[in-house]
Every structure is written in C-alpha cells, then in structure tokens.
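1. no FASTA, just this:
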C-alpha cells in the first residue's frame, strides 16, 4: 500500500516541529524547506492553508493516507462526543500506534512493519493489519516466535514513555490497551478543531 517514504526531516521542517520524534537534522535547520530557506519572506497564511496544514500534520504523524483519514473522520462524525476528539482517539486506537506507544518499535512506521510482518498478536490471535482498531481491554503482545527479535529488545530498552491508558509487562512482552485516551492524555500537538472545520466545508 502507498506510504510516504521520502525524507522525514523535510516534512518536520514543513510543519516547524519534529513530528517523527527526535531529529538532529531538524534541530540544525528548524526552518521551512525551500531554495531560500530561512530568509524567504512568507506571507500570512489563509484560514484554509492553516486548516489544511493541520490535517496534513495529523496524517503524517499517524502515517495515514487521505482516503483512510477521511473515512475515520466520517466515523468520528457519526460517533457520540466531540468530533475532533473522537478522530484523534480513533488514530490512537490503531494497532500500529499502540505498538509504538508500548515501546515495541521506535517509530510508527517501525510499528506498522512489525504488525504487517506478523510479529504482533491481539488477545492471542495474530493480527497483521496496522489500522486494526483496538477496544478497551485488548491485550497486545509480541508473538512467541518473535520475542527474541533484537529490534524489539533494543526499542523496549530505549523506551521511557509511560501512558496512563496503556500497561506493559516486559517479562511477558505484552501490554493492555486499558482505555481510550482522553484528549488531554494524547501528547500530539494537533489542533483537531481545524481539521473538523476543513472537512465541514
């Protein structure tokens, strides 16, 4: 399936923040990309441009394509609650995102690869669909045959993030998606209201 595989620092510079995590190249050049770099005079952005940029930032952050993202928005609109908040909760409930949050992979693209290469189980069943939507109480684990993978061990050793809606048992190499996170618990710097306004036009 089509995925963005280009330079990640360029995307981070476009949004003015390291959306893919720590990035030494971004820290050196944290101004927008382009021929004139930091010196280019940039006019005031229109309301549409700001809304579009916020949507693009969310898509790149979670590694979701346009059609998939639009379908998630439709789902969020139909669900009870605040549409923008529900949209981010759906993004957070994706299997690849939870694998990343649990520390099994250093990035969401790495987590997506672990899932699609059949290294991850949900409630004891092998699941190889990165967009699989988890429900509260689901147990996500590393498949028995994959527990010795060096990449997973290295990622877990370097992981120091703790999220209130996820528990992790390092001995068993499994975690529980305890509950759907509230908006205040989601650390991503995304203004979901702009996305709602853009799709509502």
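-> Okay, I see it. Just so you know, these numbers come straight off a predicted model, no measurement behind them. Residues are numbered from 1 along each chain as shown.
2. And the average pLDDT for the helix ranked longest in the chain is what?
-> With residue count as the measure and DSSP state H as the assignment, the chain has helix 47-62 as its longest helix. Here helix 47-62 scores 92 as its mean pLDDT.
3. and that helix, which residues are buried?
-> The neighbour-count check on helix 47-62 (16 or more other C-beta atoms under 10 Å) flags 51, 53-62 as buried. C-betas here are computed from N, CA, C, even on glycine.
4. Also stretch 108-118?
-> 108-115.
5. ok, back up a step: what's the closest of the buried residues of helix 47-62 to residue 104?
-> residue 62 (16.6 Å; C-beta to C-beta).
6. My guess is the closest one contacts residue 94. True?
-> Yes. Assessed by C-beta atoms under 8 Å, residue 62 is found in contact with residue 94 at 7.0 Å.
7. May I ask you to confirm that residue 50 is in contact with residue 193?
-> No. Using C-beta under 8 Å, residue 50 makes no contact with residue 193, being 10.9 Å away.
8. circling back: turn the buried residues of stretch 108-118 into TSV, including pLDDT and distance to residue 199.
-> Output for the buried residues of stretch 108-118, formatted as TSV (pLDDT from 0 to 100; distance: C-beta to C-beta, whole Å):
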residue	pLDDT	distance to residue 199
108	93	22
109	91	25
110	93	29
111	96	26
112	95	24
113	95	29
114	97	31
115	97	27
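9. So which of these are in helices?
-> 108-115.
10. out of everything not next to it in sequence, what's closest to the spatially most central residue of the chain?
-> For the chain, the residue sitting closest to the mean C-alpha position, by C-alpha atoms, centre = their mean, is residue 62 at 2.9 Å. Distances taken as C-beta to C-beta, 6 or more residues apart in numbering put residue 91 closest to residue 62, at 4.7 Å, once the chain neighbours are dropped.
11. Nice, that's everything, thank you.
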